[in-house]
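Q: I'd like to go over a predicted model; first the sequence, then the structure.
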Amino acid sequence: MSDLSIRVQRTSDLLTIGLVGELDIATARGLEQAIREVEGEPRVCLDLSGLRFIDSTGLRVLLVADAAARAAGRELTLKRGPERVHRVFRLARLEERLSFVP
Amino acid sequence: MGSFGGTIDAFQADIHPEDHPRVKDAIERALTGQEPYGVEYRIVRPDRSQRWIEAIGDVRRDASGAPLRMQGVCMDVTDRREAEEARARLFEGEQVARAQAEDARGRLAFLAEASRILSSSLSYERTLAKVADLAVPRIADWCSVDMADETGGLHHVALGHTDEDQRVLVERMRERYPPRLEEPEGIGHVLRTGEALIFPSIPQEMIARAARDEEHRRMLEGLSIRSAMIVPLVARGRTMGAMTFAASERSFDRSDLALAQDLADRAAIAIDNARLYEERSAIARSLQRSLLPPALPEIPGVEVAARYEPAGEGFQVGGDFYDVFQRAKGEWAIVIGDVCGKGPEAAAVTGLARHTLRAAWIGDHTPSGSLRLLNEALLQDGTDRFCTVAKGRLVPDAGGATLTVACGGHHLPYVLRADGAMETVGEHGTLLGLFQDVSITDRTVRLGPGDAVIFYTDGVIDDRDSDPARAPRTLADLLEGVPRGPAEAIADHVEERARKANPEGLHDDVAIVVVRVAA
């Protein structure tokens, strides 16, 4: 069974949601919930550097969150994950559409 | 040491009356020279307490062999005797306890075996047959299973019997006089109330009462049932059937009833699971079938092979899909795709994608054009489920074939050359269904005799179980040692390697399409 731990951390006005584990069909709902809880935050960063795996359902949660943030004029950035996670974004040509930060 | 008056009579006066014959017999045998004197017996002391004495000795004889006198020793062995008796009692008690423990262990082992057998099959009918067989002869001489349907009808579904002739009799009777739900007693009662019934004995008048007519009575008597139990099959609070156990030689008791109910409880869960599984997987299968082509077309001079392996238990539909079809004379389409998620909604999107891609060929002949059309269709559909697709257009000719590939968020297909070289074909494009503007490009590659192209979905290269520090798995890793052909062998190789990479079972669907120009 896949496992995802979600850690929320605040540094001044930036809220970082750190993801460790696998973001897939089994764990995506948990992240959805966590993102909903911080909906009012003006600056959110999703840290994917601890992810081991992401599937299309996990990707969908990130894309839905990105679209919602853009529509509301909030900032949502992504910290890139290891190559096996990041290649999914490259494959789908999402590097150019999502806001990746170093 | 004991003491006695010196004569046999005086000696015998103290001996417990019950032991007299034994002592006398021992003396007799010693005197006649059959065996040395040795005997254990009780004496009754003046205070009426009893002691155990062991006497051993021999007989002195004269020159002619006639006995002169007996000499020997008597020892008080009461303590030893008592210890021995206590040990014997203990031993006996232990034997009983062990038998009980073995019985309990036997029951546990039986139930464990039952659970194992029951869980090994997800087929409803096979499960029921196993249930009946399991009970015979461990619990009963025959066992039958009756299931109730939604309309209140009863169906006799399984019968196990130790005796084939009797089994035929039971079946004949059940056919002629099927148990009825409205019966005040018997199976009807158990199904209505959910309570078990036990009949330690079955008197004549009970048979007479249960018989619907003379013929039925004769049949019931012919079965020579001495004892019976009927236990309900209950799962998720619903009594779905009953198990009947009958014995012709013995009488059932409460412990038999407990064992029968234990078996029935396990069986009920297995039956319920099997039913659920069959319902769900039948729906899933028919849905899934509608998402995959019924058969692969024949393309002159080109081999085509496809593999599809859903992850999980097989009742989650959706996800991966593929299609191979003729678009126009001499022109073929190869599609592979993956819809985000699983379940009915994902299946609906899969259906939309597959059918749109088939229809799209009518308007725009380029793969990229049809992917753009699909993107629009998905946006119009209003689903937030996206999909990734790789589409190829294959035009065979005398020297091989020309393949044009477009990808929307999907893995680029691999070209596996006849000489073993490999390369990807196509360019990464935007995934479909989320953005108005997508960037999708056609790329063309020339295929010669023996060259193959492999389209696949990400379940094939799923590497979540491997060391995260290692480079991500690519199809090239799986193609190590791949046969040079034919298409079927290449597909087999890739599928097997994908399976081996996920020994615990696939996390994600696996779909593979291989096209190869005949060598």
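A: Noted; the coordinates are in hand.

Q: hey, where'd the helices end up in the chain?
A: Defaulting to chain A. A:28-37, A:56-72, A:83-91 (DSSP state H).

Q: You answered for a different chain; I wanted chain B.
A: B:8-13, B:20-31, B:78-119, B:124-135, B:164-176, B:186-193, B:204-210, B:214-222, B:254-291, B:344-363, B:367-381, B:475-478, B:487-501.

Q: Make TSV from these and add distance to chain A to it.
A: In short, each C-beta sits where N, CA and C put it, glycine included. Compiled in TSV, the helices of chain B are given as follows (distance: least, CB to the nearest CB, whole Å):
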stretch	distance to chain A
helix B:8-13	85
helix B:20-31	75
helix B:78-119	20
helix B:124-135	27
helix B:164-176	46
helix B:186-193	39
helix B:204-210	52
helix B:214-222	54
helix B:254-291	16
helix B:344-363	9
helix B:367-381	12
helix B:475-478	12
helix B:487-501	13
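
Q: Of those, which shows the lowest average pLDDT?
A: Here these differ in mean pLDDT, and the lowest is helix B:8-13 at a mean of 64.

Q: give the contact list for residue B:260.
A: If a contact means CB atoms under 8 Å, 6 or more residues apart in numbering or on different chains, then residue B:260 has B:135, B:139-140, B:196, B:229, B:231, B:243, B:245, B:252 as its contacts.

Q: Residue numbers of the stretch 401-519 of chain B in contact with chain A?
A: Proximity of the stretch 401-519 of chain B to chain A, by CB under 8 Å from any CB of the partner chain, involves residues B:409-411, B:428-431, B:434-435, B:439, B:458, B:463-464, B:468, B:471-473, B:507-508.

Q: Weed out the non-buried ones from those.
A: Buried members of these, scored by 16 or more other CB atoms under 10 Å in any protein chain shown, are B:409-411, B:428-431, B:434-435, B:458, B:463-464, B:468, B:472-473, B:507-508.

Q: Which of those residues fall within strands?
A: Using DSSP state E, no member of these sits in strands.

Q: so where's chain A uncertain?
A: A:1 (pLDDT under 70).

Q: how about the nearest residue to residue B:493, chain neighbours excluded?
A: The shortest distance from residue B:493 to any residue other than its chain neighbours is 4.8 Å, reached at residue B:482 (CB to CB, 6 or more residues apart in numbering or on different chains).

Q: What of residue A:31?
A: Closest residue to residue A:31 apart from its sequence neighbours, by CB to CB, 6+ apart: residue A:61 at 5.2 Å.

Q: Of the contacts of residue B:260 - the most surrounded one?
A: Across the contacts of residue B:260, neighbour numbers were computed from other CB atoms under 10 Å in any protein chain shown; residue B:243 holds the maximum, 29 neighbours.

Q: For that one, list each beta-bridge partner.
A: Counting by DSSP bridges, residue B:243 forms beta bridges with residue B:145, residue B:231.

Q: quick one: contacts of the strand ranked longest in chain A?
A: The strand that spans the most residues within chain A, counting by DSSP E, is strand A:43-54. Contacting residues not belonging to strand A:43-54 are listed as A:2, A:13-24, A:35, A:38, A:62, A:65, A:69, A:74-82, A:84-86, A:88, A:101, B:463-464, B:468 [CB under 8 Å, 6+ apart].
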